[in-house]
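In: any chance you can model this:
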Amino acid sequence: MHIRTKLATLLASVFLALVTPSALAEMKVAVVDVQAAILNSEEAKRLLQQIQTEFKADEDRIRKIQAEVTALYEKMQKDGEVMSDSEKRRIQQEIESKNNDFVYNRQKLQRQVEDRQKELFAGTDQKVQKAIEELVLNEDYDLIIPRQAALYVGDLLNITRKVTEKLNQMDAKN
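Out: Model prediction:
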């Protein structure tokens, strides 16, 4: 999708450079932040909630490890002066081990969440495309470009909210 955005930006720039100012004034132009439109949709909110619920136990385990590491650090700071060298080494090794567990579990969770998001959000591009096509037909837009392609856009030209509303309407029908 990143390449598609760059290509759309390039095409929009070339198009705008070739169009005369008077012709541009007669055109109905809009921009859309596709990612924001998707993330603000009711379907995305449901799917993200589903992912949160699905991985809650893993997140809790990571938080527990993080709390244990914090407690060990605090113990070292508080009692470090009266601890024997062997006890300090043991706690440092425990901190290191828990840190390794933390990093491993966090990275594993991030990969699982990313994979699950890709799985759940598959097909979203087609829904967004359909929502944009409906807006083009209903509101007679001549050009819709990605929000990222514009340096500045006034609120009147930004149709992200409208795309989200269309996605919500499509979701309600299903």
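In: C-alpha from now on. contacts and neighbour counts both.
Out: Fine.
In: list the buried residues in stretch 140-158.
Out: The neighbour-count check on stretch 140-158 (16 or more other C-alpha atoms under 10 Å) flags Ile144, Ile145, Pro146, Arg147, Gln148, Ala149, Asn158 as buried.
In: where does this structure dip in pLDDT?
Out: 1-25 (pLDDT under 70).
In: which stretches of it form strands?
Out: Assigned by DSSP state E, the strands in the chain fall at 29-32, 143-146.
In: Gly154 is nearest to which of these?
Out: Closest approach to Gly154 among the strands of the chain (C-alpha to C-alpha): strand 29-32, 9.5 Å.
In: so what's the gap between that closest one and the chain middle?
Out: When C-alpha coordinates are averaged (C-alpha atoms, centre = their mean, to the nearest Å), strand 29-32 and its chain have centres 21 Å apart.
In: could you dump it to PDB, C-alpha only?
Out: Output of strand 29-32 as PDB, limited to C-alpha atoms (Å, rounded to 0.1, in the frame of the first residue of the first chain):
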ATOM      1  CA  VAL A  29     -11.200  17.600  -5.600                       C
ATOM      2  CA  ALA A  30     -10.900  15.800  -2.300                       C
ATOM      3  CA  VAL A  31      -8.400  14.100  -0.100                       C
ATOM      4  CA  VAL A  32      -8.800  11.000   2.100                       C
END
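In: helices and strands around it, which ones?
Out: Applying 3 or more C-alpha pairs under 8 Å, 6 or more residues apart in numbering; DSSP states H and E, we find strand 29-32 packed against strand 143-146, helix 160-173.
In: re earlier: closest one to Glu165 among the strands of the chain?
Out: That would be strand 29-32 among the strands of the chain, by C-alpha to C-alpha, at 12.6 Å.
In: now distance to Val153 too, for the strands of the chain, in JSON lines please.
Out: JSON lines is the format used below for those (distance: least, C-alpha to C-alpha, whole Å):
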{"stretch": "strand 29-32", "distance to Val153": "8"}
{"stretch": "strand 143-146", "distance to Val153": "11"}
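In: of those strands, which is nearest Lys45?
Out: Per C-alpha to C-alpha, nearest to Lys45 of those: strand 29-32, 19.1 Å.
In: okay, and the beta partners of Pro146?
Out: Val32 (DSSP bridges).
In: roughly how far does it sit from Arg161?
Out: 13 Å (C-alpha to C-alpha, to the nearest Å).
In: over to Ile51?
Out: For Ile51 relative to Arg161 (C-alpha to C-alpha), the value is 24 Å.
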